[in-house]
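Need the 3D shape of this:
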Amino acid sequence: MTSSFEPEFIVPKAPEPAEPVATLPPLTLREDLPSVVDTPEQLTRTCSAVAAGSGPVALDAERASGYRYSQRAYLVQVRREGAGTHLVDPIAFDDLTGLDAAIGDAEWILHAATQDLPCLTEIGMHPSALFDTELAGRLLNLPRVGLATLVEHFLGRSLAKEHSAADWSTRPLPEPWLLYAALDVEVLVELRDLLEAELEKAGKLAWAHEEFEALLTFTGPPAKTDRWRRTSGMHKVRGRRNLALVRELWEAREAIAEQRDTTPGRVLPDAAIVELSIAAPTTLDALKALKTMRNRGAKRYLDQWQQAIETALSLPEDDLPTTGVRNDGPPPPRAWTEKHPEAAERLGRCREAVTSLAQTHDLPPENLVSPGIVREVAWQPPEQISTETVTQALAAVGARPWQIALLAEPLSAALATS
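Predicted coordinates for the structure are as follows:
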């Protein structure tokens with residue numbers, strides 16, 4: 001263990017020259033960059049080619065996060081053996097159900113499937129079978145599981161990711177962006193096969209299949225209640241009336257952002273909502289005088305901000321938001337030690353059991369079991385603790401069969417310890 005104390009008379013050793021890092025050859029396309037599919041005739045040809053191809057289908061989708069309110073797909077990349085790569089503009093069509101039918105029951109290969117499945121579902125695409133290369137990397141406990149890192153590790157090629165945060169709603173899409181998009185599916189099939197071999201060697205392939213199966217019904221994270229409470233900096237806001245101001249301004253901003261299909265922060269930053277909520281201006285002149293309203297973007301919707309403020313200030317006491325968050329689940333663990341010490345002790349023992357088991361099986365603890373599942377079981381364990389009752393409790397909160405098989409016995413021991 002390195003001490004944080006270093007006597008003054010010790011002269012730090014000069015760092016040794018870093019070893020030169022070998023430059024990997026860049027990943028390149030095997031065929032010419034395809035043109036964007038944005039007409040019915042082109043889509044028909046793409047569907048025919050994909051249907052005639054063989055093996056699993058590599059898929060990816062590009063969104064415009066940070067630029068648009070929606071999380072819709074603005075480009076869909078498809079590659080299959082015998083069909084080549086196709087770059088489909090979903091905005092040009094009502095949906096892509098024809099492409100979904102062309103894929104049929106072939107396995108989808110995605111990287112970080114939970115990011116793309118919701119927007120693909122939105123355009124009528126649903127997998128019958130799936131392989132997630134990022135999740136496979138996590139189950140193998142690889143230190144980094146980004147697509148570029150996996151391509152480097154398994155295929156010895158470098159993959160640039162400079163356009164991952166681009167505004168993919170741009171039309172026409174620049175050719176360098178299209179090249180980037182095509183490369184994202186170029187070697188997914190090969191990468192899938194190599195990861196599957198590693199999973200089988202590690203005895204984790206059956207676990208991966210259960211995880212992939214669970215993803216088939218994924219349509220997005222659970223809807224959060226009181227999303228306005230996530231406004232950055234609102235810890236500065238005191239009092240229920242001022243919280244109402246945050247809520248009303250947040251909702252007004254959301255409505256504008258959704259109508260304009262732009263990110264809410266471009267309409268009114270969180271810091272501005274907090275400033276307005278603390279100041280609580282009661283007149284239009286007072287609102288205009290605030291520093292935040294000197295910004296042309298914020299000033300553009302002055303009437304909406306004034307209406308939101310007036311609504312918040314006129315609400316009866318019973319309609320004001322509470323200062324605490326209502327939650328049907330366990331409270332935040334940081335509150336357990338003081339108010340629920342027995343539950344806190346159970347949680348600590350359960351976490352130790354999970355960490356130990358994860359190390360034994362070379363897994364990240366969060367992939368062995370979701371931290372939320374551990375909290376649920378520790379907060380409200382079965383009345384009678386046994387491997388059987390803990391098995392039932394884990395299943396009730398969404399643990400997979402492979403996770404239950406590993407966890408039921410050590411967690412029952414952790415819960416039973418007094």
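
Okay, now the unreliable bits of this structure?
Scanning the chain for pLDDT under 70 picks out 1-22, 325-328, 418.

Where do the domain boundaries of it fall?
Using automatic domain parsing, the domains assigned to the chain come out as 36-215, 227-319, 333-416.

which residue is nearest the centroid of the protein?
Geometric centre of the chain, nearest residue: residue 115, 5.6 Å, by CA atoms, centre = their mean.

and stretch 29-41, which residues are buried?
Neighbour counts over stretch 29-41 (16 or more other CB atoms under 10 Å) mark 34, 36-38 as buried. To be clear about C-beta, it is placed using only N, CA and C from the backbone, and glycine gets the same treatment.

CA atoms only for that stretch - export them in CSV, please.
Taking C-alpha atoms only, stretch 29-41 is exported to CSV below (Å, rounded to 0.1, in the frame of the first residue of the first chain):
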residue,chain,number,x,y,z
LEU,A,29,-14.3,-1.1,-45.1
ARG,A,30,-14.2,-4.3,-47.2
GLU,A,31,-16.4,-2.7,-49.8
ASP,A,32,-17.0,0.8,-51.1
LEU,A,33,-18.9,3.1,-48.8
PRO,A,34,-22.6,2.5,-49.6
SER,A,35,-25.0,5.4,-50.4
VAL,A,36,-27.7,6.3,-48.0
VAL,A,37,-31.0,4.4,-48.5
ASP,A,38,-33.7,7.0,-48.5
THR,A,39,-36.1,6.1,-51.3
PRO,A,40,-38.7,3.3,-51.4
GLU,A,41,-36.8,1.6,-54.3
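
rewinding a little: next, format the domains of the chain as a markdown table and append distance to residue 23.
Shown next, in a markdown table, are the domains of the chain (distance: least, CB to CB, whole Å):
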| stretch | distance to residue 23 |
| --- | --- |
| domain 36-215 | 7 |
| domain 227-319 | 36 |
| domain 333-416 | 30 |
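
which one of the ones you listed lies closest to residue 30?
In terms of CB to CB, the element of those nearest to residue 30 is domain 36-215, at 7.1 Å.

distance between the ends of that closest one?
29 Å (CA to CA, to the nearest Å).

for stretch 31-46, same thing?
First residue to last in stretch 31-46 (CA to CA) measures 15 Å.

what does stretch 276-289 give?
Span of stretch 276-289 from end to end, CA to CA: 11 Å.

roughly how far out does that stretch sit from the chain middle?
Relative to its parent chain, stretch 276-289 has a centroid offset of 37 Å by CA atoms, centre = their mean, to the nearest Å.

Pull out the buried positions in it.
Neighbour counts using 16+ other CB under 10 Å place 276-281, 287 of stretch 276-289 among the buried residues.

And the residue nearest to the centre of the chain, its phi and psi?
Main-chain torsions, residue 115, degrees, to the nearest 10: phi -80, psi -30.

now it: how far from residue 73?
Distance, residue 115 to residue 73, by CB to CB, to the nearest Å: 11 Å.

show me what contacts residue 183?
Going by CB atoms under 8 Å, 6 or more residues apart in numbering, residue 183 touches 27-29, 159-160.

okay if I get the residues you listed as a markdown table plus secondary structure?
Shown next, in a markdown table, are these (DSSP: H, G, I helix; E, B strand; the rest coil):
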| residue | secondary structure |
| --- | --- |
| 27 | coil |
| 28 | coil |
| 29 | coil |
| 159 | coil |
| 160 | coil |
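
which among these gets closest to residue 57?
Nearest to residue 57 among those is residue 29, at 17.4 Å by CB to CB.

Can you verify my assumption that the closest one contacts residue 178?
No - here residue 29 does not reach residue 178: they are 10.4 Å apart, not a contact under CB atoms under 8 Å.

what about the residue lying closest to residue 400 once chain neighbours are set aside, how many neighbours?
Leaving aside its sequence neighbours, residue 400 sits nearest to residue 210 (CB to CB, 6 or more residues apart in numbering; 4.7 Å). Neighbour count of residue 210, defined by other CB atoms under 10 Å: 12.

contacts for stretch 260-270?
Residues outside stretch 260-270 that contact it (CB under 8 Å, 6+ apart): 65-70, 231-234, 249, 253-254, 256-257, 292, 297-298, 301, 305.

What residues of that stretch count as buried?
262, 264, 266-270.

Please determine how far the residue nearest to residue 126 when sequence neighbours are not counted is located from residue 61.
Here the nearest residue to residue 126 in space, its sequence neighbours aside, is residue 100; by CB to CB, 6+ apart that works out to 6.4 Å. Residue 100 sits 13 Å away from residue 61, going by CB to CB.

So for the two, which residue has more residues nearby?
Under the criterion of other CB under 10 Å, the comparison of residue 100 against residue 61 puts residue 61 first, with 27 against 19.

beta partners of the more buried one?
Beta-bridge partners recorded for residue 61 (DSSP bridges): residue 76.

Pretty sure residue 192 sits against residue 56.
Yes - in this structure, residue 192 is within contact of residue 56 by CB under 8 Å, at 6.7 Å.

who touches both of the two?
Common neighbours of residue 192 and residue 56 (CB under 8 Å, 6+ apart) are 109, 131.

got JSON lines for the buried residues of stretch 276-289, with secondary structure and distance to residue 333 too?
Listed next are the buried residues of stretch 276-289 as JSON lines, based on DSSP: H, G, I helix; E, B strand; the rest coil; distance: CB to CB, whole Å:
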{"residue": "276", "secondary structure": "helix", "distance to residue 333": "33"}
{"residue": "277", "secondary structure": "helix", "distance to residue 333": "29"}
{"residue": "278", "secondary structure": "helix", "distance to residue 333": "30"}
{"residue": "279", "secondary structure": "helix", "distance to residue 333": "35"}
{"residue": "280", "secondary structure": "coil", "distance to residue 333": "34"}
{"residue": "281", "secondary structure": "coil", "distance to residue 333": "39"}
{"residue": "287", "secondary structure": "helix", "distance to residue 333": "41"}
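
so which two of those residues are the farthest from each other?
Of all pairs drawn from the buried residues of stretch 276-289, the one with the longest distance (CB to CB) is 278 and 287, at 13.1 Å.

Could you pick out the buried ones from the contacts of stretch 260-270?
67-70, 231, 233-234, 249, 253, 256-257, 292, 298, 301, 305.
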